[in-house]
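> structure for this input, please:
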Amino acid sequence: MFRYGSLIRRAGLGFGRQVRFDSSVSVSINGRVSEVPKGSTIIQACELGGVEVPRFCYHERLSIAGNCRMCLVEVAKSPKLVASCAMPVMDGMEIMTDTPKVKKAREGVLEFLLVNHPLDCPICDQGGECDLQDQAMVFGSDRGRFYEYKRSVEDKYCGPLIKTIMTRCIHCTRCVRFATEIAGVEDLGTTGRGRDTEIGTYVEKVLQLS
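Residues are numbered from 1 along each chain as shown. Model prediction:
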């Protein structure tokens, strides 16, 4: 059985919602049985078991969005892949994070993210320290199927403390949730759907951040 102390803190259990860990449940992760706190999510259980699950929108100190779909995993007896950041574990659950079905889903997610993402990694200030770049190298395909022009999005002025390069945005909504839940500013949000989704203030308002 795992000793929960530092592992719970590393996985972020308890942040964003109140969860009591009075007992544990047994789960199988890639064929290895582990004991994890009852009430944790699949992605947290995988962290405790030493299995890294890729993610973009998930952050241990923010609420669950489940919109990037990068953390999809396969669960025995489930008809389709599940978002590991939002699915709580159950006793006896069998979780698989590296099946062909999961790998294909990750490739698809990254392909969609890169459809409109600029190929300017050599001049990007995040080059070499970019989660998207790293995960595309590990989990992505070596080619895309989209040959039309990439969408161009104007940069938005949200105030003197915020820098935006909107063409590089992957709509993980971390900034929206941070502004709302941590900073207490509810002016930032998303507009549009699908490839027309944009992050911004609804009435071109400058964020009032102290």
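> next, count neighbours for Pro122.
Using other Cβ atoms under 10 Å, Pro122 is surrounded by 7 other residues. Where you see a C-beta, it was placed from the backbone N, CA and C, and this is true even at glycine.
> quick check on it: phi, psi?
Summarising the backbone geometry of Pro122 under the convention degrees, to the nearest 10, its torsions are phi -60, psi -30.
> and it, how far from Gly128?
For Pro122, the distance to Gly128 under the criterion Cβ to Cβ, to the nearest Å works out to 10 Å.
> also Cys68?
Summarising the geometry, the distance separating Cys68 from Gly128, computed by Cβ to Cβ, is 22 Å.
> and Tyr202, by the same measure?
Tyr202 is 35 Å from Gly128, by Cβ to Cβ.
> picking up where we left off before, so between Cys68 and Gly128, which is more surrounded?
Cys68 (21 against 10).
> for the more buried one, give me its contacts.
Contact partners of Cys68, counting by Cβ atoms under 8 Å, 6 or more residues apart in numbering, are 55-58, 109, 170, 172.
> wait, Phe56 sits on Cys169?
No: taking Cβ atoms under 8 Å as the contact criterion, Phe56 and Cys169 are not neighbours in contact, 11.2 Å apart.
> who has more neighbours out of those two?
Counting neighbours by other Cβ under 10 Å for Phe56 and for Cys169 shows that Phe56 has the greater number, 22 against 18.
> how about the more buried one, nearest residue that isn't a chain neighbour?
Cys68 (4.0 Å; Cβ to Cβ, 6 or more residues apart in numbering).
> break this protein down into its structural domains.
Domain ranges of the chain: 4-99, 152-210, per automatic domain parsing.
> pLDDT-wise, which helix or strand of this protein ranks last?
Least confident helix or strand, the chain: helix 4-11 with a mean of 40, by mean pLDDT, DSSP states H and E.
> helix or strand next in line after that helix, which one?
Downstream of helix 4-11, the first helix or strand assigned by DSSP states H and E is strand 24-29.
> name the residues that touch that following strand?
Contacts of strand 24-29 (Cβ under 8 Å, 6+ apart): 1, 33-38, 45-46, 49, 51, 89-95, 97.
> export stretch 175-191 to CSV, keeping only CA atoms.
The C-alpha trace of stretch 175-191 is given here as CSV (Å, rounded to 0.1, in the frame of the first residue of the first chain):
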residue,chain,number,x,y,z
CYS,A,175,-6.3,31.2,-17.7
VAL,A,176,-10.1,31.5,-17.5
ARG,A,177,-10.3,29.3,-14.5
PHE,A,178,-7.4,30.9,-12.8
ALA,A,179,-8.9,34.4,-13.3
THR,A,180,-12.3,33.2,-12.0
GLU,A,181,-11.3,30.9,-9.1
ILE,A,182,-8.0,32.3,-7.9
ALA,A,183,-7.9,36.0,-8.9
GLY,A,184,-11.7,36.5,-8.4
VAL,A,185,-12.1,38.2,-11.8
GLU,A,186,-15.0,36.8,-13.9
ASP,A,187,-14.4,38.9,-17.0
LEU,A,188,-12.4,36.3,-19.0
GLY,A,189,-14.2,33.5,-20.9
THR,A,190,-14.6,31.7,-24.1
THR,A,191,-16.7,32.6,-27.2
